[in-house]
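Student: I need the structure of the sequence given here:
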Amino acid sequence: MARLARRPDDSSSYYVVTAVDARGRLADRSGLQALAWTSGHLITIEVSPAMAIVRGSADGPHAITRQGHLRLRASARHALGLAAGDRVLLVARPGHDLLIVYPIPVLDEMLRRHDLLPGDGGRG
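Tutor: Predicted structure coming up:
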């Protein structure tokens, strides 16, 4: 079994894989529930090519939808390379009041670094 460089100190994260719809809505709400973010909860969204970091914010410019979903705006989806039907990993960190959205290709790259079979590009 591959060994990680170090064991994570914080094991209170909540993980879920979910799909993104054509309007940027993330189907699974359980990550938001782990954070106790409900309809109308104000948030900020910071985006890089590898992830989106969503934070609870008293004066955030975005909010959880009336139906209790997180919706990523089009510019965020484009920056992350997401299209309708793509899946993402959500990592909720309640102790930090944040949610991280990882596109699956980013996860593939992370996992390749810990693959047991050297030299095969992570396939095997």
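
Student: what's near enough to touch the residue most central in space within the chain?
Tutor: Residue closest to the average C-alpha location in the chain (CA atoms, centre = their mean): V101, at 1.6 Å. Residues near V101 by CB atoms under 8 Å, 6 or more residues apart in numbering: L26, M51, A52, I53, V54, L72, L80, V88, L89, L90. Placement of C-beta: from N, CA and C, glycine included.

Student: hmm, I100 and the fourth one touching each other?
Tutor: The reference is to I53. Yes: I53 is within contact range of I100, at 5.7 Å (criterion: CB atoms under 8 Å).

Student: these two: which is more packed in?
Tutor: Neighbour count, other CB atoms under 10 Å: between I53 and I100, I100 has more, with 20 against 16.

Student: in a helix, H78, correct?
Tutor: Yes: under DSSP: H, G, I helix; E, B strand; the rest coil, H78 sits within a helix.

Student: next, count neighbours for it.
Tutor: 12.

Student: how far away is the nearest residue to G81 once chain neighbours are set aside from R77?
Tutor: Closest residue in space to G81, ignoring its immediate chain neighbours: P103 at 6.0 Å, by CB to CB, 6 or more residues apart in numbering. To R77, P103 is 10 Å away according to CB to CB, to the nearest Å.
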